[in-house]
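A.B. asks: task: produce atomic coordinates for the following.
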Amino acid sequence: MKRIVTIMLVLATTFAKAQSGAATNIGPEGAWSNVVSATILNDKMYTGEKNGAIYETDLVSTLRTPIGKNAFDKGKFIFAANNMLYVINYEGTMFKVNATTGASEQLGIKGTWSQMYAYAVCKDQFYAVNSMGALTVTDLKTNTTREMGSTYVNVSNMFATADKIYLLEQSGKLHEMSSVNGAQKMISPNNMWSGILCGTGYKGGVYMIDKIGNLYALATGSKSKMGKAEFSLARFLLGANDNLYFIESTGSLYEIKL
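C.D. replies: Sure thing, here's the model as predicted:
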């Protein structure tokens, strides 16, 4: 009997590991088709939508709830920090938004982030790269901004974990940057991370989806493939509730087991 129980436990463990990277459609198909940008706050998903609305999605029930009025018709990016939501519109102006009431206030000078195209948030610090190659960091508590350098023109995307920022270049090269002093080191050479559609930092790990539809985790500078190549329609990749989530270009929401 002990032998049978042991075998069953081994098989169960193997099966559980095999499910890592498996994707499941959750919620109504196409319900998120108007999403422009998405973020996570307190394990709930918040999306800025084409009609100017911000919606909260409970990732357990998939219930969508509008937050406040449709006041962000020119919203381009939405992110979370300091227990608040932040929206940057197409004019490059940043707003702080109460996630419960939708009340907002403008931060800084109008158009400050008009040239921004890549960003990441770490420890309530907002890191952004603009089209001139400048990397700036903004303290979202004090609303003060400083430049960290001007040689980042090749950066195509940025991801953050609890204490590090990852800079992905167009060539597929990946750099790790300390949030403490800005020190960098290359952790992946050219082409290793080329063709990335979207990605996210979550619980100390970095996850990316490429154009072929592969999902990869960053492990000691190398790729670790997860699941099947079935994510080619992914637009946004997010982490919450010990899972990953992505929205397809069709507007459907999926949960990925870690």
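A.B. asks: please report how far Val60 lies from Ser178.
C.D. replies: Relative to Ser178, Val60 is positioned 35 Å away (criterion: C-beta to C-beta, to the nearest Å). From N, CA and C alone the C-beta is placed, and that goes for glycine too.
A.B. asks: same question for Ser150.
C.D. replies: Taken as C-beta to C-beta, the spacing of Ser150 relative to Ser178 amounts to 19 Å.
A.B. asks: listing partners with orientation, what would you give for the strand or helix carrying Ser37?
C.D. replies: Assessed by DSSP states H and E, Ser37 sits inside strand 35-41. When sheet partners are counted by DSSP bridges, strand 35-41 sits next to strand 44-49 (antiparallel).
A.B. asks: how about the strand it pairs with as PDB, C-alpha atoms only?
C.D. replies: Presented in PDB, the C-alpha positions along strand 44-49 are these (Å, rounded to 0.1, in the frame of the first residue of the first chain):
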ATOM      1  CA  LYS A  44      -6.900  43.300  -9.000                       C
ATOM      2  CA  MET A  45      -6.500  44.400 -12.700                       C
ATOM      3  CA  TYR A  46      -7.200  47.900 -13.700                       C
ATOM      4  CA  THR A  47      -7.500  48.900 -17.300                       C
ATOM      5  CA  GLY A  48      -7.600  52.100 -19.200                       C
ATOM      6  CA  GLU A  49     -10.100  51.900 -22.000                       C
END
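A.B. asks: ok, now which ones touch Ala229?
C.D. replies: Neighbour list for Ala229: 212-214 [criterion: C-beta atoms under 8 Å, 6 or more residues apart in numbering].
A.B. asks: phi and psi next, for it.
C.D. replies: When read as degrees, to the nearest 10, the backbone of Ala229 gives phi -80, psi 80.
A.B. asks: not counting sequence-adjacent ones, nearest residue to it?
C.D. replies: With sequence-adjacent residues excluded and distances taken as C-beta to C-beta, 6 or more residues apart in numbering, Ala229 is closest to Gly213, at 4.3 Å.
A.B. asks: roughly how far does the one you found sit from Thr101?
C.D. replies: For Gly213, the distance to Thr101 equals 39 Å [C-beta to C-beta].
A.B. asks: rewinding a little: nearest to Glu29, of the contacts of Ala229?
C.D. replies: For those, the closest approach to Glu29 (C-beta to C-beta) belongs to Gly213, at 18.4 Å.
A.B. asks: give me the neighbour count for the closest one.
C.D. replies: 15 (other C-beta atoms under 10 Å).
A.B. asks: how about Leu168?
C.D. replies: Using other C-beta under 10 Å, the number of residues around Leu168 comes to 23.
A.B. asks: for it, list each beta-bridge partner.
C.D. replies: On the basis of DSSP bridges, Leu168 is bridged to Asn157, Leu174.
A.B. asks: check it and give its pLDDT.
C.D. replies: In this prediction, Leu168 carries a pLDDT score of 96.
A.B. asks: give me the element the most centrally placed residue in the chain is part of.
C.D. replies: What sits nearest the mean C-alpha location of the chain, by C-alpha atoms, centre = their mean, is Thr200, with 4.0 Å. Counting by DSSP H and E, the secondary-structure element that holds Thr200 is strand 196-202.
A.B. asks: would you map the helices across the chain?
C.D. replies: 2-18 (DSSP state H).
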